[in-house]
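Peer 1: Fold the following, please.
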Amino acid sequence: MGVNKKELKAEIMGDIRLLRDSIIHHAGVAKKRTERCVLLRWFKSGEEVFIDNIKFEIIIKLIREMIEEIRQRVNEAANANVK
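Peer 2: Numbers count the residues shown, from 1 in each chain. Here you go, the predicted model:
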């Protein structure tokens, strides 16, 4: 592919991981580490993690942007390898 996998890290995925951890393993209550979210800074420690329609739409939009960014980087790397 021509792109180092470490270069493909996306903040949205880290934020989703932190929210998922609170939802699945902490009964839907934000853990302290949830406050480390970079993009999805909606919840403080001890608050209920509830993803309403607006928050869900924001998450989907950010994931689509991440996918497009990765697609562009892979294409750029592929084009650089062709030259």
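Peer 1: Which parts of this protein are helices?
Peer 2: With DSSP state H as the criterion, the chain has helices at 11-25, 53-82.
Peer 1: tell me the angle of the first one relative to helix 53-82?
Peer 2: If I follow you right, that is helix 11-25. Computed by axes from the mean of the first three to the mean of the last three C-alpha atoms, to 10 degrees, the angle separating helix 11-25 from helix 53-82 equals 140 degrees.
Peer 1: out of the helices of the chain, nearest to F43?
Peer 2: Nearest to F43, of all the helices of the chain, is helix 11-25, at 7.5 Å by C-beta to C-beta. To be clear about C-beta, it is placed using only N, CA and C from the backbone, and glycine gets the same treatment.
Peer 1: now the residue positioned nearest the centre of the chain: how far from R64?
Peer 2: Nearest to the mean C-alpha position of the chain, by C-alpha atoms, centre = their mean, lies I12 at 1.6 Å. Going from I12 to R64 by C-beta to C-beta, to the nearest Å gives 10 Å.
Peer 1: these two touch, right, the residue nearest to the centre of the chain and I59?
Peer 2: Yes - the criterion here is C-beta atoms under 8 Å, and I12 meets it with I59 at 7.4 Å.
Peer 1: Could you tell me which residues touch both of those two?
Peer 2: Contact with both I12 and I59 is made by residues L40, according to C-beta atoms under 8 Å, 6 or more residues apart in numbering.
Peer 1: That's all I had, so thanks and see you.
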